[in-house]
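>>> return a 3D structure for these sequence lines:
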Amino acid sequence: MKRAIIWLFIGGVLGSVGGFAAGIFVYPYIFLADVVATERVENIDDKTVLARGQFIHANPNDPIHYGEGQVTVYEDVVHLGEDFTVGPGPAFHVYLVPEKNVGTDTKVAETMFIDLGRLRAFKGSQVYTIPAGVDHKNYDSVVIWCKQFGVLISPATLDFI
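Below is the predicted model of the structure:
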């Protein structure tokens, strides 16, 4: 009986470790259907660039929550560039935030942010429509935010042109 309990315990530990390892490999494919987005800004030649920014790794000590790549703000859309990438996770959203230099200590959820929608892919070019009537000058950052857990994934401070 003692031997059976030991083998049951060892099997449980090995099964848990194996399940966790398998979960790490399939995790990126669970939350979003597209792995790499290839959206383009329509009529880009007719649009005026209002601001540009660069996504950064907000907390270098956190290997899971990171982001990088360019973001461009036009009159009516926010464009995440072809070089955009973030670590995978659930319920990531693109926010316009009225704070400059957003960091891990910034209370993003308490600001008057604008939710542009759920992130459609962890990599690649994506376009998000800005609601009519939004004054771009009031929003100094574009932020990737995990809505499910209330975690900052990656901020980009905007430089207005």
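
>>> direction included, what does the host helix or strand of Leu96 pair up with?
According to DSSP states H and E, Leu96 maps onto strand 92-97. Using DSSP bridges, strand 92-97 pairs in its sheet with strand 114-118 (antiparallel), strand 141-146 (antiparallel).

>>> Thr85 is nearest to which of the ones you listed?
When the strands paired with strand 92-97 are compared by C-beta to C-beta, strand 141-146 sits nearest Thr85, at 10.4 Å. For glycine as for every other residue, the C-beta is placed from the backbone atoms N, C-alpha and C.

>>> list the buried residues of the closest one.
Using 16 or more other C-beta atoms under 10 Å as the test for burial, strand 141-146 gives 141-146.

>>> what's the longest strand in the chain?
Using DSSP state E, we find that the single longest strand of the chain is strand 151-160.

>>> give me the contact list for that strand.
Here strand 151-160 makes contact (C-beta atoms under 8 Å, 6 or more residues apart in numbering) with 50-59, 65-68, 71, 73, 86-87, 89, 92, 97, 100-104, 106, 108, 136-137, 139-146.

>>> shaky segments in this protein?
Within the chain, the stretches with pLDDT under 70 are 21-35.
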